[in-house]
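1. Make a model of this:
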Amino acid sequence: MSTSVKESLEQINQVSRQLLSRIQDMQNILQESLQSKDDTSTIIQETYNELTRLISIRQSLITHLFEQNSTEEIKTQHLLINEMKALDTELSIKYQTYKHALADQLIKFKKSKKAAKSYKQY
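-> Sure, this is the predicted structure:
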């Protein structure tokens, strides 16, 4: 089923907004897990799976858009293209922020494991 350029771009932008929301959810979950010490691994795994699914859908939609339509057809929807580019920039920024937060949490976790292991020796 062929969709128009406008519909394709709207779908891409919708999935991009969902991705932004899920990345924010992951950041919130990480922050909460640092503060509460509760086991949030199941929630994190489910959210990660959802992120992976959305990334795959978005990539597929983008690939389909550019394979099925000419540059001229795509250019006619410059407002949606600009929105897609803005969302892409925001996704990149959010992803980098999330990546750094995850790395920080991993470092803290490793340090606490080392400390616990040291205390067990005595």
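
2. can you count the residues close to Y98?
-> 17 (other C-beta atoms under 10 Å). Quick note: C-beta positions are derived from backbone N, CA and C, even for glycine.

3. give me the element it is part of.
-> Assigned by DSSP states H and E, Y98 belongs to helix 78-120.

4. Quick one: distance of that helix to the chain centre.
-> 10 Å (C-alpha atoms, centre = their mean, to the nearest Å).

5. Same check on stretch 72-79?
-> Relative to its parent chain, stretch 72-79 has a centroid offset of 26 Å by C-alpha atoms, centre = their mean.

6. Tell me the buried residues in it?
-> Residues I74, Q77 are the ones in stretch 72-79 that count as buried (16 or more other C-beta atoms under 10 Å).

7. residues making contact with that stretch?
-> V5, K6, L9, L65, F66, I81 (C-beta atoms under 8 Å, 6 or more residues apart in numbering).

8. Could I get the contacting residues of the first one?
-> With contacts taken as C-beta under 8 Å, 6+ apart, V5 has the following neighbours: L65, N69, E73, I74, T76, Q77.

9. Give me the phi and psi angles of the fifth one.
-> Reported as degrees, to the nearest 10, the phi and psi values for T76 are phi -70, psi -20.

10. Ok, the fourth one next?
-> Dihedral pair for I74: phi -70, psi -40, per degrees, to the nearest 10.

11. Tell me, how many residues neighbour S16?
-> 21.

12. per-residue pLDDT, it?
-> pLDDT recorded at S16 is 97.

13. and the closest residue to T3 other than its chain neighbours, what element?
-> With C-beta to C-beta, 6 or more residues apart in numbering as the criterion, T3 has its nearest non-adjacent residue at 7.5 Å, and that residue is Q11. Element membership of Q11 [criterion: DSSP H and E] is helix 5-36.
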